[in-house]
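[1] fold the following, please.
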Amino acid sequence: MEVVQQRILTVLDNDSVIHDTRSLVLPAEHVSAKSQDGQLIIQGALNSLLSREMITYTTQEDLVHVLTPEGAQVAQQGSHEARVWAAVPAKGEGTSLSVKDLKAKVGDDAAKVGQGRAFKNGWVGKEGDGLVKLVSSIDDVTRHELQDIEATGTLKAGDKALAELRKRKLAIQKKFLWFTVHKGQNFSLSLEKLETDLTVEMLTSGTWKTSSYKKYNFDAEGIPTNGGALHPLLKVREEFRNIFLEMGFSEMPTSKYVESSFWNFDALFVPQQHPARDLQDTFYLSDPAAALDPPPDLYENVSTVHSVGGNGSTGYRAPFSRSESTRLLLRTHTTACSTNMLHRISNQPGGFRPVKMFSIDRVFRNETMDATHLAEFHQVEGVVADRGLTLGDLIGFMQTFFSKMGITNLRFKPAYNPYTEPSLEIFAYHPALNKWVEIGNSGMFRPEMLEPLGLPKDVRVHGWGLSLERPTMIRYGINNIRTLVGHKVSLESVETSAAVRF
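    Have a look, this model is predicted:
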């Protein structure tokens, strides 16, 4: 670059002005820099000299024609029609050349395009099933025109001929930049190196006082900064959230990771002797170990329906312990939050009103970690509460909900949950795996759960849930959950993962 800069300064010193940089001869070249690549090299040198105020320049612009790759080939080897004419024998001097043999000689593209034009020009004709020459010599005008464009950027034959070559995609029109250069206020033949940084050594030695510095360019865009990127889980979460909001749901507050056994189990009519409460399934807190007591009337209603039953239920006929109810734990499902919200709704001013609620948040299970299980995951949960709801409504709603994700082939299988009756497992057909896979669980909350919360007897509640991780792994083709969550996650994969559209 410095050699080019020195060449520009030398020419300016001799001529005072460079009217057209296309007249410059670059170092190691023997002809003028008439190509656009040559002018780009000159522009880089001009910008460097301009930053030192050694020159000023103005940009000039011309519209020129350049050859396409196909046009460059024609300029070198001849037009398609000329190659067809050269390949076939003269009339009466041999067997005519079949179209199949012509393709083998000049190629499919040349044969296809060249036949028609050679016929149109009267250069070749049919003889039997093949082609023969009709003239002894030709003038390959197309090749000559392209060679003219290659040398001058234009064509003496005029705009009509240029338009024809553009139509044949042999040439295209481009802007060509060149420059007019004048001396600047700091013009000199010597190229002094300008400092770009103020270093510690310059400050301690004092050389910064006599050094020349490169002018700061406040218009430069600088290095593009890397923006943040959403994790694939968050992308899928946002798509689920949009589906819920589109269907008229409101989002529940789920900020409490720590819950009491009362809200996590008891209020859901899960017996205190249930295996899910064991240490091997649930994380219990040691400090603090116990929660504050729940509301007395609610605690009395829940403990009664557990131990002796009520409202047509016999309960579990098992001891109910307050110390078990107050144990603190990491919530095992967000249904603990749903239950709390149903209690608030039943006791709000004006009484119960129908609601549709959802949540997407983290839950914790004391499980052995493997390729598909972690000790924590995200649960997607929905709740619909209204009068007169039926199991048919639940199935119809599930079909609508999953169809918005593009899942239309569903099956429902009866199942058991302590707090829903009837209960249904939801299966979808997975075309890639060629089998049915479980994608969620659902059911209608039991009266033993709802009535102690204060909900009217004629209110029915649909509930369903699924994990966030499984659809995310399917969507992004991930077969090991530890490459989706945790220290093994590739930051590059997070940045490049596509947006989600079910």
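[2] which elements pack onto the one helix or strand Q379 maps to?
    Taking DSSP states H and E as the definition, one finds Q379 inside strand 376-387. Under the contact definition 3 or more CB pairs under 8 Å, 6 or more residues apart in numbering; DSSP states H and E, strand 376-387 sits against helix 232-246, helix 335-346, strand 355-364, strand 459-467. Any C-beta I mention is one placed from the backbone N, CA and C, and that applies to glycine too.
[3] report pLDDT for the nearest residue to G443 once chain neighbours are set aside.
    In this structure, G443 finds its nearest non-sequential neighbour in T420, 2.7 Å apart by CB to CB, 6 or more residues apart in numbering. The confidence metric pLDDT takes the value 90 at T420.
[4] then the one 3 residues further on?
    Per-residue confidence at S423 stands at 92 (pLDDT).
[5] now it: closest residue in space, sequence neighbours ignored.
    Nearest one to S423, counting by CB to CB, 6+ apart, is G443 at 3.7 Å.
[6] against E451, how distant is the one you found?
    17 Å (CB to CB, to the nearest Å).
[7] endpoints of stretch 368-387, how far apart?
    41 Å (CA to CA, to the nearest Å).
[8] any idea how far it is from the chain center?
    Centroid displacement of stretch 368-387 relative to its chain, using CA atoms, centre = their mean, to the nearest Å, is 26 Å.
[9] check stretch 476-496 too.
    15 Å.
[10] for the remainder of this discussion, apply numbering that starts at 58.
    Yep, numbering from 58; the last one is stretch 533-553 now.
[11] not counting its own residues, what contacts that stretch?
    283, 286-290, 426, 428-431, 526, 529-530, 554 (CB atoms under 8 Å, 6 or more residues apart in numbering).
[12] show me which of the residues you listed are buried.
    For the contacts of stretch 533-553, a burial check counting by 16 or more other CB atoms under 10 Å picks out 289-290, 431, 526, 529-530, 554.
[13] most widely separated two among these?
    L431 and S554 (19.1 Å; CB to CB).
[14] tell me which other helices or strands the next helix or strand after the strand holding Q436 touches.
    Of the helices and strands lying after strand 433-444 in sequence (DSSP H and E), the nearest is helix 448-460. Contacts defined by 3+ CB pairs under 8 Å, 6+ apart place helix 448-460 against strand 467-474, strand 477-487, strand 492-502, strand 516-524.
[15] next, the angle from helix 448-460 to strand 477-487.
    Counting by axes from the mean of the first three to the mean of the last three CA atoms, to 10 degrees, helix 448-460 points 30 degrees away from the direction of strand 477-487.
[16] which other residues reach helix 448-460?
    For helix 448-460, using CB under 8 Å, 6+ apart, the contacting residues are 300, 304, 439, 441, 465, 467, 469, 479, 481, 483, 485, 496-497, 499-501, 519, 521.
[17] 7 Å - rerun?
    Residues from elsewhere that reach helix 448-460, judged by CB atoms under 7 Å, 6 or more residues apart in numbering: 441, 467, 469, 479, 483, 485, 499, 501, 519, 521.
[18] now do that helix against strand 516-524, angle only.
    Using the same axes, to 10 degrees: helix 448-460 against strand 516-524 is 30 degrees.
[19] tell me the buried residues in helix 448-460?
    451-452, 454-455, 458-459.
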